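1. what's the 3D shape of this:
(one chain, ligands or ions: 1)
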Amino acid sequence: MNGTPDPAANDTISAIATPTGPGGIGIVRVSGPMAHAVVRKLFRPRNPAILWTPQRLYYGHIIDPETREALDEVLVSLMQSPHSYTCEDYAEINSHGGRVVLSKILQLTVDAGARLAGPGEFTLRAYLNGRIDLTQAEAVMDLIQSRSEQGLLMASRQIQGGLRKEIASLRETAVAVLARVETAIDFMDEEGVGFDSSELLEAILDGLKRPIEGFLAAHRRRVWVEGVGTVLAGRVNAGKSSLLNRLIDEERAIVTSSPGTTRDVIETLLNLDGVPLRLMDTAGFRRARNAAERIGLEHSRRELEEADLILVVIDQSRALTTEDLELLDRCKGREHLVIRNKIDLPPRIGRAGEELLAASTSVRVSALTGEGMEGLRTAIKNTVLSAENRGACSDIAPNLRHKQALETAAAAFDRALEGIRSENPPEIVAFELQTGIDALGGIIGEVSHEAVLEEIFSRFCIGK
Ligand code: GDP
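-> Numbering: from 1, shown residues only. Prediction:
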């Protein structure tokens, strides 16, 4: 694997676990068979007679073994396999924060026999050693990156095994259904033994299909963890930048840059009373005049397609243009909110325009004077919260990987249903059920492929 180191490796790894930059405390963590030996080689306890009880903190100094120089005052703890984050022998050095001191301690652990950990390698080991399943590992990342308090709570419930339990129980149901079909195959030659198709149909529909539909709908709750992907769309001069700036000024916004395929997308994180928005900057929807603009427009289009929420900005001081109409058309069936901007100017939308806008929820604002901004915020919050299945906090918020696996399972169970209805040989029904069972197993990591592990853990930071 490229991003993620070899999961079969049984060596000792080390990494700085706290963010880079100055800080009161920084942590270097070490895991693997030599973890205790590595740290003990570098640590001079204040009390030389300590007994090294696991899970106790010991005070002392980190010593450079070559110079015998004390580098920093630290607290050290050792944990014994399997009672640690990774299930391996494990140690933590709490030193002062700061890049130089932490890098030096990290280097000393490497000199003493550890190697630098790759992204997510501690969590990968926790998974490979059976302490957590894949959904729990993914939730660790969600917890770190959650964009709202509700997302944090959901990630925490997932770490405690909320999603794992549900998927494992669904898988058990599918295995029980498969067992019935297989019994029918085994006894097929004996007269009078086949499967009771109506009972099986019911078991698949109620026991498998219905819960999967519920889980798929719950995918929408991911917005609490990831933020609501929001696009401000509208023609040039409608007032998108002015509105964005006003929202940024009035809220505590964090502007970040998230890597896109051909250019970085500037994202602004806004938290509207606990509702996290990821406002994406788009190039607008004018006609492209050159290649660079075309690329920009292509991006805008993709962002629009992928957005969870579209804020359509209309300049109500002018008649609607074909561009406005095209945009409104694209919003059909999508979650959107129309913002009628420039209410400080006389309205010129006209009756025909009004009729067109009547189909959508709209709010009236002036980005120039700030009038109506409070109403806009409330309308955005209501639109997000009223979307089906978003409001309630729950243990279940499948991410994209889970969603795709659930869709694969649902399609396989559909084929199994069809097979039973068309009285196909039970072997074919069994094959489809097994395909669905494998897809469910993939969610929790019972069947895991290297590529999947790489995809998941390469997104982790080093030290996690
Ligand atoms: P964008 O191209 O959609 O990003 O539009 P801008 O935010 O750059 O605004 C275009 C022009 O409209 C600028 O001159 C703004 O000052 C002006 N503008 C934006 N919002 C309002 C508004 O609410 N009222 C008035 N009168 N002018 C506005």
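
2. Touching the longest helix along the chain from outside, list them.
-> As assigned by DSSP state H, the longest helix anywhere in the chain is helix 162-186. Residues outside helix 162-186 that contact it (C-beta atoms under 8 Å, 6 or more residues apart in numbering): 133, 135-136, 139, 158, 193-195, 200, 203-204, 207-208, 211-212, 215, 395-398, 402, 409, 413, 426-427, 429-430, 433-434, 436-437, 440-441, 443-444, 446. The way it works is simple: take the backbone N, C-alpha and C, and place the C-beta from them, glycine included.

3. In ChimeraX, select just the buried ones from those residues.
-> To isolate the buried members of the contacts of helix 162-186 in ChimeraX, using 16 or more other C-beta atoms under 10 Å:
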select :133,135,136,139,158,195,200,203,204,207,208,211,212,215,395,396,397,398,402,409,413,426,429,430,433,434,436,437,440,441,443,444
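
4. buried set for the longest helix of the chain?
-> Neighbour-count burial for helix 162-186, counted by 16+ other C-beta under 10 Å, picks out 162-164, 166-168, 170-171, 173-174, 177-178, 180-182, 184.

5. Return the item of the residues you listed having minimum pLDDT.
-> When the buried residues of helix 162-186 are compared by pLDDT, A184 scores lowest at 77.

6. what's the spacing between it and R415?
-> Shown here: A184 relative to R415, a distance of 17 Å by C-beta to C-beta, to the nearest Å.

7. Also S146?
-> Taking C-beta to C-beta, one finds S146 at 37 Å from R415.

8. Over to P54?
-> From P54 across to R415, the span is 52 Å (C-beta to C-beta).

9. On the pLDDT front, check P259 for me.
-> Predicted confidence (pLDDT) for P259: 42.

10. just to revisit the earlier point, sort out for me which of the contacts of helix 162-186 are in strands.
-> In strands, judged by DSSP state E, none of those are found.

11. Give me the subset of the contacts of helix 162-186 lying in helices.
-> Using DSSP H to define helices, the subset of the contacts of helix 162-186 located there is 135-136, 139, 158, 200, 203-204, 211-212, 215, 402, 409, 413, 426-427, 429-430, 433-434, 436-437, 440-441, 443-444.

12. Now do the same contact list for the residue nearest to R246 when sequence neighbours are not counted.
-> Distance criterion C-beta to C-beta, 6 or more residues apart in numbering; nearest residue to R246, sequence neighbours excluded, is A367 at 5.4 Å. Taking C-beta under 8 Å, 6+ apart as the criterion, A367 is in contact with G239, S242, L243, N245, R246, N341, K342.

13. So the third one is in contact with D249, correct?
-> It refers to L243. No - L243 lies out of contact with D249 (C-beta atoms under 8 Å); the separation is 10.7 Å.

14. Could I get the contacting residues of I444?
-> D133, L134, T135, R164, I167, A168, R171.

15. and of the residues you listed, the nearest to the ligand?
-> Nearest to the ligand among those, counting by C-beta to the nearest ligand atom, is T135 at 41.0 Å.

16. Secondary structure class of E355, three-state.
-> Secondary structure, DSSP: H, G, I helix; E, B strand; the rest coil: E355 is helix.

17. Around the ligand, pick out the residues from the stretch 201-350 of the chain.
-> Residues of the stretch 201-350 of the chain found near the ligand (C-beta under 6 Å from any ligand atom) are G234, V236, N237, A238, G239, K240, S241, S242, N341, K342, D344, L345.

18. Buried subset of those residues, written for ChimeraX?
-> Applying 16+ other C-beta under 10 Å to these, the buried members can be selected in ChimeraX as follows:
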select :234,238,239,240,242,341,342
